[in-house]
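K.L.:
here's my sequence, what's the structure:
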Amino acid sequence: MFKAATVSSDGDFSRDRGRELALKLQNKLGQPPDACWFFCAPKPGMQDLFDGINEAAEAGPIVGCTTDGEMSAAGYRKGSAVLGGIVSDQIHFTIAHVENISCNHELAGKQLADKLSPTVQYVQLFTDGISGNGCAILRGISSVLGETLPIAGGTAGDNGKFQRTWQFAGNRLLTDAAVAIGFSGDFQLGTGVKSGWSPIGLAKKVTRASGNILYELNGEPALQVYERFLGKHAEKLPAVGVEYPLGLVGRCLDENDKDFYLLRATMSVDRKNGSIQFAGEIPEGALVHFTCGDSNSILAATAEAARLARSEMGDVPPAMIFFYSCMARKIVLGQRTQEELDRVRNVFGKEVPILGFYTYGEYSRISCNQPSLLHNETATISAIGI
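P.N.:
From the prediction side, this is the model:
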């Protein structure tokens, strides 16, 4: 038995509104959920809303985070709250969380993995989108649970302010934290990843970098190379950088899939030393391209990601869709943002519940039996089939 549903609220946040959301979800499911996902805008009353959900949910694990936009069966919203739930006698759920992840990201990943069930087959991960290093957290998790464990999810947002994000685990509202929910049991997983950005010009070598800070490309200060590429638009850095992310070939690609680029989005610039901070690590010695895209290429990629996820499921019908997409895509799409969700629903069918949010970074594997990676500016889809 498996049943999933999502509910949403566009109103002011309050304890009563939280109770209403939880009761509405229970009514849709016909019983309290075995697991819940909660995504919302960071705005006044968030703690009360979350407390109200916990009071009324009578549910199993609750995980989630704040966002840069919310997605559910009701469509794309900004400034709202969405709650999804699953009832199943075929899947067992466990949650875990770690705090103060900025002290040691890789250790935090190991500690998180240690708290999950040893039988876990699939993990959804939500981490602080400002203080967290998603690449290092993934390394920590994979060192305990193995590199081929599929991990999906995203890094938390705060409506583009880049000041503070929050994570939800059980009845706790956290920051500088990572939360995860593990799936164990009898289910089929389908994943799809595509960005829609294409390389421009010749590849450049990363000659100096440390973590997510890029200092030099081809022996020149990285900012200087970016400024030459962007011309008169360079003064808009780092904001304009989301339209021209760096693309590096992922280390886990098949021989026939060399057109995939693992994207990195600009976060900040240091004009004094000519460096640029990105939303994910950039390995020293890597070859990178500037890339570009537009609304049409982004939406086409989203549809392809959905098709990839659906085809991976074979004949098993989809029962729940999780969609985690980058806030940079939303910036480029503008008034067409709703179309991204529509493309996914067109592939899976509008009757299948869908839940997700716009992130500061996305977690997903590229294909079966490959490591899960931190992506930027990418559409990532995970579908559960029963």
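K.L.:
so which residue is smack in the middle of the chain?
P.N.:
Nearest residue to the geometric centre of the chain (Cα atoms, centre = their mean): residue 154, 2.2 Å.
K.L.:
please report how far that one lies from residue 46.
P.N.:
Computed as Cβ to Cβ, to the nearest Å, the residue 154 to residue 46 distance reads 18 Å. C-beta: built from backbone N, CA, C; applies to glycine.
K.L.:
outline the domain layout of this protein.
P.N.:
If you go by automatic domain parsing, the domain ranges for the chain are 2-193+297-385, 198-292.
K.L.:
now, of these, which is deepest in the fold?
P.N.:
The highest average neighbour count among the domains of the chain, using mean count of other Cβ atoms under 10 Å, belongs to domain 2-193+297-385 at a mean of 21.
K.L.:
averaged pLDDT, it. What do you get?
P.N.:
Domain 2-193+297-385 shows a mean pLDDT of 96.
K.L.:
got it, and stretch 232-242?
P.N.:
87.
K.L.:
can you check stretch 246-258 too?
P.N.:
Averaging the model's pLDDT scores along stretch 246-258 yields 58.
K.L.:
report the beta-bridge partners for the nearest residue to residue 268 once chain neighbours are set aside.
P.N.:
Spatially, and ignoring its direct neighbours in sequence, residue 268 is nearest to residue 277 (4.5 Å; Cβ to Cβ, 6 or more residues apart in numbering). For residue 277, the beta-bridge assignment (DSSP bridges) gives partners residue 213, residue 268.
K.L.:
contacts only, for residue 277.
P.N.:
212, 213, 214, 238, 266, 267, 268, 269, 270 (Cβ atoms under 8 Å, 6 or more residues apart in numbering).
K.L.:
look up phi and psi at residue 41.
P.N.:
Main-chain dihedrals, residue 41, degrees, to the nearest 10: phi -70, psi 150.
K.L.:
helices of the stretch 251-386 of the chain, residue ranges please.
P.N.:
295-312, 327-333, 337-348 (DSSP state H, counting those that start in this stretch).
K.L.:
only C-alpha atoms, please: export the second one in PDB.
P.N.:
It refers to helix 327-333. What follows is helix 327-333, C-alpha atoms only, in PDB (Å, rounded to 0.1, in the frame of the first residue of the first chain):
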ATOM      1  CA  MET A 327      17.000  29.500  -8.000                       C
ATOM      2  CA  ALA A 328      19.200  30.700 -10.900                       C
ATOM      3  CA  ARG A 329      16.900  28.900 -13.300                       C
ATOM      4  CA  LYS A 330      14.000  30.800 -11.800                       C
ATOM      5  CA  ILE A 331      15.900  34.100 -12.400                       C
ATOM      6  CA  VAL A 332      16.400  33.300 -16.100                       C
ATOM      7  CA  LEU A 333      12.800  32.000 -16.500                       C
END
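K.L.:
packing partners for it?
P.N.:
Secondary-structure packing of helix 327-333 (3 or more Cβ pairs under 8 Å, 6 or more residues apart in numbering; DSSP states H and E): helix 295-312, helix 337-348, strand 354-359.
K.L.:
surely residue 274 meets residue 225?
P.N.:
No. Residue 274 sits out of contact with residue 225 when judged by Cβ atoms under 8 Å, with a separation of 9.1 Å.
K.L.:
need the overlap of contacts for the two.
P.N.:
Common neighbours of residue 274 and residue 225 (Cβ under 8 Å, 6+ apart) do not exist.
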